[in-house]
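Asker: what would the 3D arrangement of this be:
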Amino acid sequence: ANINICHALSFSYYLGRSPQLTKLSAKPPIKNTPQVEIRKHREYCSGCNRPFIQCLCDHLPPKKISLSTKVLILQHPVEHRRKTISTVPLVRLTLEHVQILVGRSFDHQLDSILQATIFEGTMPLLLFPGVNSTTLEDPMALTKLDQQRQEHMQKNGVEQLSNPNMDENKFLLIIVDGTWTQARKMVRCSPILMERCQPIQFTSTSAEDRSIYGSIREQPD
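Answerer: Here you go, the predicted model:
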């Protein structure tokens, strides 16, 4: 909802696709050594946890970006295992107030998290396309979300005076990390997401533009 969120997450996506940097330090491969042994002895950067040849530390901001929106990433286990190419760890290194949960179903964990947001006056947003999703390209999107947040607070009996910091954390942005098939299953197995969150989405702004959902990469479920 906040334009800074889009910039920050786009930046983290850019980091994940940055060209490989010059190799700083790595042991030369041993001839006729199985690949698993080569990986076993590969050295990793302690900063970004990537092989030195892919080190991205020079591209990270000197200080984490602080947003008025908290970010919660629900990551599929398959994505979690792809640590050296996943962009999610870079989001945590780039932004403040980022929480990551790994799994296929999250109702039990989300119940306590979403309950806590009620007292804070924070409205949970789910980045997921659908007929009821608020389109972020709409110039009135932020105004609509602010109105929905006020209604959300009134519905749950939350008053502004109960928490003077409410305007600092208006929204909790929930992102589902996985292929399109994985993401749909995760949302379906976590009905609390649709029950308590306001879905939001990005869509094409012109006939020449492509929706980001048409470019989701394929990989095993």
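
Asker: hang on, Phe52 packs against Cys45?
Answerer: Yes: contact status for Phe52 versus Cys45: in contact at 5.7 Å, counting by C-beta atoms under 8 Å. C-beta here means a position set from N, CA and C on the backbone, and glycine is covered the same way.

Asker: show me where this structure has its helices.
Answerer: With DSSP state H applied, the chain shows helices at 3-16, 35-40, 77-81, 88-94, 107-120, 141-155, 180-188, 192-196, listed in chain order.

Asker: who wins for proximity to Gly130 among these?
Answerer: Closest approach to Gly130 among those is made by helix 192-196 (8.5 Å; C-beta to C-beta).

Asker: contacts for the closest one?
Answerer: 106-107, 110-111, 114, 124, 126, 128, 174, 187 (C-beta atoms under 8 Å, 6 or more residues apart in numbering).

Asker: mean pLDDT per helix and strand in the protein: which one sits at the bottom?
Answerer: With mean pLDDT, DSSP states H and E as the measure, the helix or strand of the chain carrying the lowest mean pLDDT is helix 35-40 (a mean of 43).

Asker: Val187 reaches Pro129, doesn't it?
Answerer: No: contact between Val187 and Pro129 fails when scored by C-beta under 8 Å: they sit 10.5 Å apart.

Asker: may I have stretch 46-66 exported as CSV, CA atoms only?
Answerer: In CSV, the C-alpha atoms belonging to stretch 46-66 read as follows (Å, rounded to 0.1, in the frame of the first residue of the first chain):
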residue,chain,number,x,y,z
SER,A,46,28.9,-14.5,6.3
GLY,A,47,27.1,-11.3,5.4
CYS,A,48,24.6,-12.4,2.7
ASN,A,49,25.1,-16.2,3.1
ARG,A,50,25.8,-16.6,-0.6
PRO,A,51,28.8,-18.1,-2.3
PHE,A,52,31.6,-15.5,-2.6
ILE,A,53,31.2,-15.5,-6.3
GLN,A,54,27.6,-14.3,-5.8
CYS,A,55,28.2,-12.0,-2.8
LEU,A,56,25.7,-9.2,-2.8
CYS,A,57,26.9,-7.3,0.3
ASP,A,58,28.2,-4.3,-1.7
HIS,A,59,24.6,-3.9,-3.1
LEU,A,60,22.9,-3.9,0.3
PRO,A,61,21.9,-0.5,1.8
PRO,A,62,24.3,0.6,4.6
LYS,A,63,21.3,0.8,6.9
LYS,A,64,18.1,-1.2,6.8
ILE,A,65,15.2,0.6,5.2
SER,A,66,12.6,1.5,7.8
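
Asker: perfect, I'm done here.
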